[in-house]
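Visitor: The following block contains a protein sequence and its predicted model.
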Amino acid sequence: MSDNNSVAFVRTETLPELPPPASQAGAIKWARENLFSSIPSGILTLVSIYVIYMLVTFVAPWIANGIWNTNSLAECREILDGATGACFSVISERWNQLLFGFSYPSELYWRPGLAFLLLFVAAAPVMFFDLPRKLLIFTGLYPFIAFWLIWGGTIYTPVFALLGLAAGYVVYARFVKDSFAMGFFGGVIAAFIAWYIGGYIVGAIAPAEPMLEAVQSRNMGGFMLNMILGVVCVSLSLPLGIVLALGRQSDLPIIKWICVIFIEFIRGVPLITLLFVANVVLAFFLPPGTNFDLILRVIIMITMFSAAYIAEVIRGGLAALPKGQYEAGDSLGLDYAQAMRLIILPQALKISIPGIVNVAVGLFKDTTLVSVISMFDLVGMIRGPILSSTDWNGVYWELFMAASVLFFVVCYGISQYSQWLERRLATDHR
Amino acid sequence: MTSVTDPPQGSFRLSMLINDTRYRSYTFQFIALAAVIAFMAYLGINLVRNLAAQGLNISFGFLGDPAGYDINQRPIEYDSQSPHLRAAMVGVLNTLIVAFLACLTATIFGVIAGVLRLSSNWVVRKLMAAYVEIFRNIPVLIWIIIIFSIMTVSMPAPRAFRGDAATSSMLFESFAFTNRGVYSPAPVIDGLSGWIVVAVFIASIIGIFAYRRFATKKLYDTGQLLPTFWPSVGMFFVPVVLVYFILGRPISLDYPSLQGFNFQGGLHLRGSLIALWLALAIYTGAFIAENVRAGIQAISKGQTEAAASLGLRPGRIMNLVILPQALRVIIPPLISQYLNITKNSSLAIAVGYMDVTSTLGGITLNQTGRAIEAILLLMLFYLTISLLISAVMNVYNNSVKLKER
């Protein structure tokens, strides 16, 4: 341990860590693992990048050179002067027709717009469970408010419709303690009686100059029509679908067969044929002289259509529940209605949510089919009045892009919500 | 240990119909049946009264009258003097043609996209996700119209192909993409010897399957592994090529050529057919891709690892372990997608493709005014197809059902 016996050099501190080799770190490592892990993968990467490059170089200048402020296609082409570019001015000039149809009074656009905004308020407590439950009151009132805003007319119509429902509920609450069936059917009958009487009262007291100017159903159009059909039909078909699903799972053979035949018939035919029925055949089956709105007829047919699909989804949910749940309900001494309401349906509906949302998105897309029976929804507006007008004859891609974007935003949003909900509700007891 | 719970004996009271569970189910069913019958009777009476008021009747006699309209795509012989029934038949065949083509193509798109969505390659994965999301979330009607517009607006007119200064040219001298549709070479089968070649081709495909089955059986029985790939390739090509040249090349291709204002000869695929076909295929392909992805992901990783630990090679793991299990998950939704394609093909009416909805439910309906009969027949047709496909699906489901214990 003497000084002259010392080791030449002893490192007393550790070396600083070197960074990993360039090929094992950062972007290069990521690219090696995710883009060029093997030769076929590398080729695929290059091909994909080429495809993306082609798409971008094809579309980007077209969008970037887009012209937003001309009054006709000819003017727009003049400004472009042969260069690549989109004539988005068709959207800036005709946005109102795309959204509201061509005969909704333009000074009243705020009404469907407000109804659209309120839709989010009404849907929020249904979609997000953390919100205060009191908001559901507004959800219950929303259909009447929205109807009044969009169609206008006397406020007594929605008020009496609401009163009819209230009468039905009062009767239901009075009799449901004795028997669910008595309460339910009594409530339905009471509601119909109230509506019937209300119809006369409204006719008698309706002012000549209502607060909101009335708009005829045939003036509805554009994306608004798609939204109306989608929202109304999905909400109406949910209860109907639940009833059909329960009927199909029922032990009572006649009820079961009625539901099976209805569901299989509706699911076996395309929606277009049902729309044809609404358009030309339904009138034959109504009392002579009745003539109600095409939009109402279409709503009836689309609701039946989506109810059949939703019933199948819910049937899947019912079938997926373990038999023990049904037996648990029986052993507690609950009757059928109680067992379904308190034990079976909450679980079955939870399992069916992704399927129901799929049906809802599909149905919303299928509302474009009404353009085939010459209703002027978004697609009908594009193919009909806008493309055949002298100003905008030939401006295809901008219009189709607008329609695609509108539908994509709504449908993609709903499906993302559904995935969030699925994660949120996952309890993982399977 | 059984306890007898005989209900108290008593005389029957009317209130038991509602309060006694033994009778209540009958009461409810009776009420439901009576309500349905009453509703049907109400509709029926209305129908009779409406028909009487308009001086109409229900009769299918119009099916025998001359149709009086032309159909541009005719798989069977048809002219404007043929009866409405024949027009409907042409429509049915056109529906089946486009549905078949779209099912085939959608499966190819869907399987490729579904497998690539699980690829380890980031760009490919994201590209396929974009494809699936974009096409699933935009209505198929819009896709049909977009592709139809591409076919009719963006394609050059036939006259662009003419002369020395032609602005367009045919692909490989045999395919012409025009705004009147796509012209491609058509095979011409020359007499009996031509059909013999076709028969040999079909026989050799059956032979390949038989050979593969034989090889599998041999593998299971004796453990001897026969080569399958090269023998299959050989059986696919050799007999057909031999017969083709021995019989003096009886099958030739008829190339389209520009004559006058339009192309003549070859196979003419109209823009409406292509729009409907491609749009249905790409749209439904996106749904099938999701089914395929879900099916593959449903097979737990343990299956792959178990197979690998048995010493199977990756190709055999896929063929013998993963695919048979994944197919059980994939095929039922796949078949219902086929059903959707068939039903969505009724959108042909939006682009003027003459399927059964456009002939029977469109022009025939408008010309004869027989709305109830025409739509009834139309619904019956689609219902038959759906029930047939459902029956096939049930047979398949039963055949692959997990046989537990």
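Guide: Structure's in. What do you need?

Visitor: Show me where the chain dips below the pLDDT cut-off.
Guide: Looking at chain A here, since you left the chain open. Where chain A drops to pLDDT under 70, the residues are A:1-7, A:427-430.

Visitor: Chain B is the one I meant
Guide: B:1-10, B:18-19, B:163-169, B:171-172, B:402-405.

Visitor: how about the helices in the stretch 251-400 of chain A?
Guide: Along the stretch 251-400 of chain A, the segments classed as helices by DSSP state H, counting those that start in this stretch run A:253-268, A:271-276, A:294-320, A:323-331, A:336-339, A:345-366, A:378-381, A:396-425.

Visitor: Now distance to chain B too, for these, in CSV please.
Guide: For the C-beta atoms, the positions are set from N, CA and C on the backbone; glycine is no exception. Output for the helices of the stretch 251-400 of chain A, formatted as CSV (distance: least, CB to the nearest CB, whole Å):
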stretch, distance to chain B
helix A:253-268, 4
helix A:271-276, 5
helix A:294-320, 10
helix A:323-331, 12
helix A:336-339, 10
helix A:345-366, 4
helix A:378-381, 6
helix A:396-425, 4
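
Visitor: now for those, which one comes closest to residue B:199?
Guide: helix A:253-268 (37.0 Å; CB to CB).

Visitor: Give me the packing partners of the closest one, helices and strands only.
Guide: helix A:222-248, helix A:294-320, helix B:21-54, helix B:371-400 (3 or more CB pairs under 8 Å, 6 or more residues apart in numbering or on different chains; DSSP states H and E).

Visitor: could you redo the last one with a cut-off of 10 Å?
Guide: helix A:222-248, helix A:294-320, helix B:21-54, helix B:323-344, helix B:371-400 (3 or more CB pairs under 10 Å, 6 or more residues apart in numbering or on different chains; DSSP states H and E).

Visitor: Please point out which parts of the shortest one sit buried.
Guide: This points to helix B:323-344. B:325-326, B:328-344 (16 or more other CB atoms under 10 Å in any protein chain shown).

Visitor: got it, and stretch A:35-49?
Guide: Buried, per 16+ other CB under 10 Å, within stretch A:35-49: A:35-36, A:41, A:44-45, A:48.

Visitor: Alpha carbons of it, in PDB - could you do that?
Guide: C-alpha atoms of stretch A:35-49 as PDB (Å, rounded to 0.1, in the frame of the first residue of the first chain):
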ATOM      1  CA  LEU A  35     -42.000   0.200 -41.400                       C
ATOM      2  CA  PHE A  36     -39.100  -2.000 -42.600                       C
ATOM      3  CA  SER A  37     -39.200  -5.100 -40.300                       C
ATOM      4  CA  SER A  38     -38.900  -7.400 -43.300                       C
ATOM      5  CA  ILE A  39     -38.600  -7.100 -47.100                       C
ATOM      6  CA  PRO A  40     -42.300  -7.600 -47.900                       C
ATOM      7  CA  SER A  41     -43.100  -5.100 -45.200                       C
ATOM      8  CA  GLY A  42     -40.700  -2.600 -46.600                       C
ATOM      9  CA  ILE A  43     -42.200  -3.000 -50.100                       C
ATOM     10  CA  LEU A  44     -45.700  -2.500 -48.600                       C
ATOM     11  CA  THR A  45     -44.500   0.700 -46.900                       C
ATOM     12  CA  LEU A  46     -43.100   2.100 -50.100                       C
ATOM     13  CA  VAL A  47     -46.200   1.200 -52.000                       C
ATOM     14  CA  SER A  48     -48.400   2.800 -49.300                       C
ATOM     15  CA  ILE A  49     -46.300   5.900 -49.200                       C
END
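
Visitor: Can you tell me what sits against stretch A:37-52?
Guide: Residues outside stretch A:37-52 that contact it (CB atoms under 10 Å, 6 or more residues apart in numbering or on different chains) are A:31-36, B:116, B:119-128, B:130.

Visitor: what's the spacing between the closest residue to chain A within the stretch 151-300 of chain B and residue A:246?
Guide: Nearest to chain A in the stretch 151-300 of chain B, going by CB to the nearest CB, is residue B:153, at a distance of 6.0 Å. The gap separating residue B:153 from residue A:246 is 51 Å, by CB to CB, to the nearest Å.

Visitor: of these two, who's got more company?
Guide: residue A:246 (21 against 12; other CB atoms under 10 Å in any protein chain shown).

Visitor: Nearest spatial neighbour of the more buried one, chain-adjacent residues omitted?
Guide: Leaving aside its chain neighbours, residue A:246 sits nearest to residue A:340 (6.6 Å; criterion: CB to CB, 6 or more residues apart in numbering or on different chains).

Visitor: I'd assumed residue A:318 was in contact with that neighbour.
Guide: Yes. The pair residue A:340 / residue A:318 is scored as a contact, 9.4 Å apart, by CB atoms under 10 Å.

Visitor: ok so, going back, Throw together a PyMOL command that grabs the buried residues out of the contacts of stretch A:37-52.
Guide: For anyone working in PyMOL, the buried entries among the contacts of stretch A:37-52, judged by 16+ other CB under 10 Å, can be selected with:
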select buried, (chain A and resi 34+35+36) or (chain B and resi 116+119+121+122+123+124+125+127+128)
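
Visitor: how about CSV for the helices and strands packed on helix A:253-268, with distance to residue A:131 added?
Guide: Below are these laid out as CSV (distance: least, CB to CB, whole Å):
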stretch, distance to residue A:131
helix A:222-248, 18
helix A:294-320, 24
helix B:21-54, 39
helix B:323-344, 35
helix B:371-400, 42
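
Visitor: and of those, who's closest to residue B:63?
Guide: Residue B:63 lies closest to helix B:371-400 among the helices and strands packed on helix A:253-268, at 8.2 Å (CB to CB).
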